[in-house]
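Q: just to be clear, the model below is a prediction. Sequence and coordinates:
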Amino acid sequence: MRPLPSRVDRRSEGFEKNRAANLARLAALDEALAASRAGGGEKYVTRHLERGKLLPRERIELLLDRDSPFLEVCPLAGYKVGGGIKPGASIIGGVGVVSGVECLINATESTIKGGAMNEYSVLKSRRLAEIAQENRLPSINLVESAGADLPNQSKIFVPGGRAFRDLTRASKARRPTIALVFGSSTAGGAYIPGMSDYVVMVDQQARVYLAGPPLVKMATNEDADEESLGGAAMHSKVSGVSDYLAADEHEAIRLGRAIVAQLNHRKQGPPPGPVEAPLYDAEDLLGIAPPDPKIPFDVMEVIARVVDGSRFHAFKPTFGTTLVCGWASVHGHRVGVLANQGVLFSESAQKGAQFIQLCNQKDIPLLFLQNITGFMVGTAYEQGGIIKHGAKLINAVSNSTVPAITIMMGASYGAGNYAMCGRAYAPRFLFSWPHHRIAVMGGEQLAGVLDIVKRGAAARAGKDVDEMELKMMKMMLQQQIDKESDAFFATARLWDDGIIDPRDTRDVVGLALSAAFNAPVEGTMAYGVFRH
C-alpha cells in the first residue's frame, strides 16, 4: 500500500484559526479533567491522606505495570449535571495492564462522600462492566465505599443491583474478578468483595459489613465494634470472606498483581503485526478539524495521521465517495476504516454495507470516523430508495460481530449517528473530539423546521403568525439544542467513553483494539433481510 499524500498547509489562515480554536477547547477539557481528578476537594483529600491512605489514583498507578498506559473511561461522567454529583461520578475506571494482563480497573473515589454511589456512578459502573464483558477482561475493583448515597436511593437501588449480577456472571464466564478492599465498605460496598473471585483486605483498615454498628444496634439491639463485626482480620480468619490479609495498602496492591500474574490469562484475538509510525505529525489534526461542524474537512488527512505508515488501501474509491472505506493498520492491528467525507447517499450506504460484510468475512475490526450530518433527503433521493439503502448499512452495522471502535470527530446528527456506529449500536469503545456535536439535527435547522411548521399551522387555521413569539420560540429552541448537543453535555451523560485530544486518536484507538483482542475476533456472514 502506498502512503497517502497530504496537502495540509500549516501556514494557511484556516489552519491557524482551527488550531487556536481547538487549543482553547482543549484548555476547557483540561480544566474539566482537573476537576475530575480533584476528588472530593482539598479538605477531604487532605483528611484521607492524614489517615495514612493512598489516594484512589495512586492505588491505580501502583497497580499498573511500570510506564504502561491507562485508558480511562468516562472521566467526566456527571460533569455539571447538578445534584452534588462530582465530575467522574465518584468512580475512576478504565483499562490498564497489570502483570502483563490487560484488566478492567474500577476504583471508588473514597474522598467523595466516603465513596458512596450516585445514579451516575451506577451508569458508569455498568458501562465499565460492559467493557469487561465484551472484551473478556479480568476485573479489579479497588474498594472503599459507603454503598448507595442514601438520600438518592430511589435512583440507585434497582439499577444498582445489576453490578452484583455482573460480577457473578463474570465468574461464570471465567472472567476473573478481584477485589482489593482498602477501607470501610458497607452494604453495596460489601457485596463487591462478597461476590468477587479473589478478595484482599487491608488489616486494621478494611471493614466490610452489610450493616455497620449503628444499624446493627437499631435492628438487633446488639452492641458491636467495627473490627469484630467486619474487620479484615475477622474476615480473613473467621468468616472467610477475605482470601488474603494484607499488612498495608502497598502489600494489598502487590497481592493483587500476584493474583493477576497467576490467572493464566491469554488473549484470543490475533497478535499485532509490525508497527510503523504515520508519515505526518498528529499535531496537524488541530489545524485540520474546524470548530464549526458545518465546515467540511478532508477525512483522508485524518486517516493519514492515524494509521500505520499513513498506508491505506481504499475500497471502491470512485463509488459512493462521501463514505471512505478501506483497510489499514493501527499500532500493528488490522482495521477496516469507514470515514465520512460528506452526507450519506444511496451509493455510500451500499458501499459501506458491502465493506462491513467483507471485514466480517476476514475477521477484521472496524474503525468508524464520524463527521456526519445524516442521509441525503429530497424527492429524487426518496424515490431512489435512500431509506432502503440506508437500512442496508444500518443492518450491516447492527449485525456485525467484529470489534468496532468509533471516534466522533465533528457532526453526528440523525440517522447518520446510527449508520456510523453511534452509542446505540454498541461499539466496543467510543470517544469524541472536543468540538463534536451530537443531536437529531443542529439547533439552527431545528429552529427552521419549527418556523415552517408554525407558519403552516397558522395558514391552515386562517390566523396570522405572532412574529415576536415565534422568534422567541426559535431562539430558545436553538439555544437548548446547541447546549444539549455539546460534547461536554454528551460525555457527562455517558453518550461516549470520553473526550480525547485529537492528537491522541491513534494511541487511543490502538489501546482500544488491543483490549478488544482479549476476546475472540469472529466475524459473521449472517444478516437480516436486506430490502433490495
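A: That came through fine. Numbering: from 1, shown residues only.
Q: give me the average confidence score over the strand or helix carrying E102.
A: Here E102 sits within strand 101-108, counting by DSSP states H and E. Strand 101-108 shows a mean pLDDT of 97.
Q: after it, next one along is what?
A: According to DSSP H and E, the helix or strand after strand 101-108 is helix 119-134.
Q: tell me the angle of the following helix or strand past that following helix relative to helix 119-134?
A: Next along the chain after helix 119-134, taking DSSP H and E as the criterion, comes strand 139-143. Interaxial angle of strand 139-143 relative to helix 119-134 (axes from the mean of the first three to the mean of the last three C-alpha atoms, to 10 degrees): 150 degrees.
Q: how big is the angle separating strand 139-143 from strand 101-108?
A: 30 degrees.
Q: so which bits of the next helix-or-strand element following strand 139-143 are buried?
A: For strand 139-143, the following helix or strand on the C-terminal side (DSSP H and E) is helix 157-172. Using 16 or more other C-beta atoms under 10 Å as the test for burial, helix 157-172 gives G160, A163, D166, L167, A170. Using the backbone N, CA and C atoms, a C-beta is placed for each residue, glycine as well.
Q: list of residues touching the next helix or strand after helix 157-172?
A: The helix or strand immediately downstream of helix 157-172 is strand 177-181, counting by DSSP H and E. Contact with strand 177-181 is made by 59, 63, 138-144, 167, 170-171, 192-193, 195-202, 206, 208, 232, 242, 252-253, 255-256, 259-260, as judged by C-beta atoms under 8 Å, 6 or more residues apart in numbering.
Q: selection in PyMOL covering whichever of those residues are buried, please.
A: Those of the contacts of strand 177-181 that count as buried under 16+ other C-beta under 10 Å are selected in PyMOL with:
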select buried, resi 59+63+138+139+140+141+142+143+144+167+170+192+193+195+196+197+198+199+200+201+202+206+208+232+242+252+253+255+256+259+260
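Q: about what we covered before: now, which of the buried residues of helix 157-172 sits nearest N399?
A: D166 (24.5 Å; C-beta to C-beta).
Q: the closest one: what's it in contact with?
A: R126, A129, Q133.
Q: I'd like the distance between the last one and K86.
A: When C-beta to C-beta, to the nearest Å is applied, the distance between Q133 and K86 equals 27 Å.
Q: and the first one, by the same measure?
A: As judged by C-beta to C-beta, R126 and K86 stand 18 Å apart.
Q: so for these two, which sits in the more crowded spot?
A: K86 (22 against 15; other C-beta atoms under 10 Å).
Q: quick check, pLDDT for that one.
A: The model reports K86 with a pLDDT of 93.
Q: you'd agree it is up against I112?
A: Yes. Assessed by C-beta atoms under 8 Å, K86 is found in contact with I112 at 5.3 Å.
Q: what sits in contact with each of those two?
A: Counting by C-beta under 8 Å, 6+ apart, the residues touching both K86 and I112 are G39, G40.
Q: if we can go back for a sec, from the buried residues of helix 157-172, which has minimum pLDDT?
A: Taken together, the buried residues of helix 157-172 show their lowest pLDDT at G160, with 69.
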